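1. dropping the sequence and predicted coords here.
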Amino acid sequence: MLDDVAFSNIHTVKVRYILDREHIQIKRKHERARSAIIEGGGMNRIIACSKELIATTLAHFKSEESAMDACNPRNITTHKRLHADLIESLKDISNDLEQRRIIGAMALMKLFDERLTNHLEVEDADLERELRS
């Protein structure tokens, strides 16, 4: 039978693996969306790539919050508030994309450049350290 510490370590390794894999997926989809815009890939491609990026990011937030609920880190409320703010921005961008506005794709790139990249690389790294301790 596993003791609490052993179970916690197994859970943390699993969570870290999931988050790392999801971060890689998000970064790849971000590059695809950026390439579609830069290469002038047409609205259909830009919208498809942007929607994939948004869906992957939202799924990541959901799995990350499930991990946080299981481990109950100290900064869970702050981290969830960050997610809620980012989700609202992503919803607004998604609405622009639904109306086939290129401004939505541009806003998505700006959001990633200014906020989401920092969230994935800095804030999620802080969360991961806390989950390990």
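-> Now that the structure is in, tell me what you want to look at.

2. neighbours of the closest residue in space to residue 80 that isn't next to it in sequence, how many?
-> Excluding its sequence neighbours, the residue lying closest to residue 80 (CB to CB, 6 or more residues apart in numbering) is residue 65, at 6.2 Å. Yep, even glycine has a C-beta here, placed from its N, CA and C like the rest. The local packing of residue 65 (other CB atoms under 10 Å) involves 14 other residues.

3. now residue 65: how far from residue 87?
-> 11 Å (CB to CB, to the nearest Å).

4. so what's the most centrally placed residue in the chain up against?
-> With distances taken as CA atoms, centre = their mean, residue 57 lies nearest the centre of the chain, 3.5 Å away. Neighbouring residues of residue 57 by CB atoms under 8 Å, 6 or more residues apart in numbering: 26, 86, 90, 116.

5. now tabulate these in CSV and tack on secondary structure.
-> Below are these laid out as CSV (DSSP: H, G, I helix; E, B strand; the rest coil):
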residue, secondary structure
26, helix
86, helix
90, helix
116, helix
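
6. hmm, back to that, where does the residue nearest to the centre of the chain fall, secondary structure wise?
-> helix 43-71 (DSSP states H and E).
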